[in-house]
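> Give me a model of this one.
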Amino acid sequence: METSLRSAAFGDGVPPPNSFAVPASPRGRLLAGIGLGARGRYAAAATLLNGLRASTDPVLASLAASTLASHRRQLGGHAAALVLDGEALALVIAEPRGEPDPDGLDAEGARADAFLGLAADNLGRGRLAAARRLRARAEAHIGNWRSRTRAGWVTAEIELASNLSTAAIAPAEMALETARTRGACRHVVKSQLVLGVTMAKGSSAERARAKTLVESARETAEKYEFNSLLWVACLLAADLAAGHADEYRFRSAELLHAVLRHADPCGRWLARQSPWVPL
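The predicted structure is shown next:
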């Protein structure tokens, strides 16, 4: 079961046959929480992840906290995510490296997740200098494909927020290439969206590529029900495909409301309070 859950989270994106039934093992519950969050099923994910935050295994507890933080961020709750990422870092800051995991579900991967999460949290709160410092601190812990991919996203987003769209392209390209090499469907989708944003206001050729990237991401997210990314992809598509803008905005709103129906009360409240979520 863990193999199919890992594949759904970090591989081909195909959900397991039992559609994320609660696994017996703690590692399985973490993977299920990751997969559920990707599909916008935040309440079910939070139930699993909050239980794992109390684990006696500090690495597992840290990964659960940083995963829940990413779900809060996806709903615009950067301040709430900041607390969770701080918790995640405190749990593993002095933890020995231990046995490496191919997808970064180990001590070094947990440290990278926490630092990159903290960088993203500060970026969302407009603290660019702090975001850059935290992104730099993550570098020493980036040793697996997933951490490299996430580092590319955060770096690109920091450059975009600094009005340096040209500087954002290289890390976004790196993230996409890394995710494609791994065959990580969901990470490819997110990387395409990040790269598309970096090119959306460039030359006509860059804008054409951005449209292709976003359309590919939207189609894949629709196919695998990555609803946490799909509503964002539809919003980006509306900006890039003027002739279908209203259609894409309607679809985005429809998806976002569906996601919020599957969110826990905290997630719904954060989304309603956030300037980042177009309710």
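
> all contacts plus neighbour counts: C-alpha atoms, from now on.
Will do.

> where along the stretch 101-250 of the chain do the helices fall?
According to DSSP state H, counting those that start in this stretch, the stretch 101-250 of the chain carries its helices in the segments 107-124, 128-138, 145-161, 165-182, 185-199, 204-224, 227-240, 245-261.

> quick one, the shortest one and helix 145-161 angle?
Read it as helix 128-138. Interaxial angle, helix 128-138 versus helix 145-161 (axes from the mean of the first three to the mean of the last three C-alpha atoms, to 10 degrees): 160 degrees.

> Please apply the same query to the longest one.
Direction vectors for helix 204-224 and helix 145-161, defined by the same axes, to 10 degrees, enclose an angle of 130 degrees.

> Which elements pack onto helix 204-224?
Taking 3 or more C-alpha pairs under 8 Å, 6 or more residues apart in numbering; DSSP states H and E as the contact definition, the neighbouring helices and strands of helix 204-224 are helix 185-199, helix 227-240.

> Point out the most buried one among those.
Of all the helices and strands packed on helix 204-224, helix 185-199 carries the top mean neighbour count, a mean of 26, counting by mean count of other C-alpha atoms under 10 Å.

> Put the alpha carbons of that helix into PDB.
Once side chains and other backbone atoms are set aside, the C-alpha atoms of helix 185-199 remain, and they are given as PDB (Å, rounded to 0.1, in the frame of the first residue of the first chain):
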ATOM      1  CA  CYS A 185       3.600  14.200 -12.100                       C
ATOM      2  CA  ARG A 186       2.300  16.600  -9.500                       C
ATOM      3  CA  HIS A 187       5.600  18.300  -9.100                       C
ATOM      4  CA  VAL A 188       5.800  18.700 -12.900                       C
ATOM      5  CA  VAL A 189       2.400  20.400 -12.800                       C
ATOM      6  CA  LYS A 190       3.500  22.900 -10.100                       C
ATOM      7  CA  SER A 191       6.800  23.500 -11.900                       C
ATOM      8  CA  GLN A 192       5.000  24.300 -15.100                       C
ATOM      9  CA  LEU A 193       2.800  26.800 -13.300                       C
ATOM     10  CA  VAL A 194       5.700  28.500 -11.700                       C
ATOM     11  CA  LEU A 195       7.700  28.700 -14.900                       C
ATOM     12  CA  GLY A 196       4.600  29.900 -16.800                       C
ATOM     13  CA  VAL A 197       4.200  32.800 -14.300                       C
ATOM     14  CA  THR A 198       7.900  33.800 -14.800                       C
ATOM     15  CA  MET A 199       7.300  34.000 -18.500                       C
END
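
> same for that helix, what does it pack against?
Helix 185-199 is packed against helix 2-10, helix 145-161, helix 165-182, helix 204-224, helix 227-240, with contacts defined by 3+ C-alpha pairs under 8 Å, 6+ apart.

> what distance separates it from the centre of its chain?
Per C-alpha atoms, centre = their mean, to the nearest Å, the displacement of helix 185-199 from the mean C-alpha position of its chain is 11 Å.

> and if you look at stretch 33-53?
13 Å.

> Make residue 1 into 863 and carry on from there
Got it, the first residue is 863 from now on, which makes the last one we talked about stretch 895-915.

> Name the residues of that stretch that come out as buried.
Applying a neighbour-count criterion of 16 or more other C-alpha atoms under 10 Å, the buried positions in stretch 895-915 are 895-908, 910-911, 914-915.

> Indicate which one of the helices and strands packed on helix 1047-1061 is closest to Q1054.
helix 1066-1086 (5.4 Å; C-alpha to C-alpha).

> Quick check: mean pLDDT of the closest one?
For helix 1066-1086, the mean pLDDT works out to 96.

> cool, stretch 1131-1141 as well?
Regarding stretch 1131-1141, the rounded mean pLDDT is 93.

> Over to that stretch now: how far is its first residue from its last?
Using C-alpha to C-alpha, to the nearest Å, the end-to-end distance of stretch 1131-1141 comes out at 12 Å.

> what does that stretch contact?
For stretch 1131-1141, the external contacting residues (C-alpha atoms under 8 Å, 6 or more residues apart in numbering) are 934, 937-939, 1115, 1118.

> after the worst-scoring helix or strand of the chain on mean pLDDT, next one along is what?
With mean pLDDT, DSSP states H and E as the measure, the helix or strand of the chain carrying the lowest mean pLDDT is helix 864-872 (a mean of 92). Counting by DSSP states H and E, the element after helix 864-872 in chain order, helix or strand, is helix 888-900.
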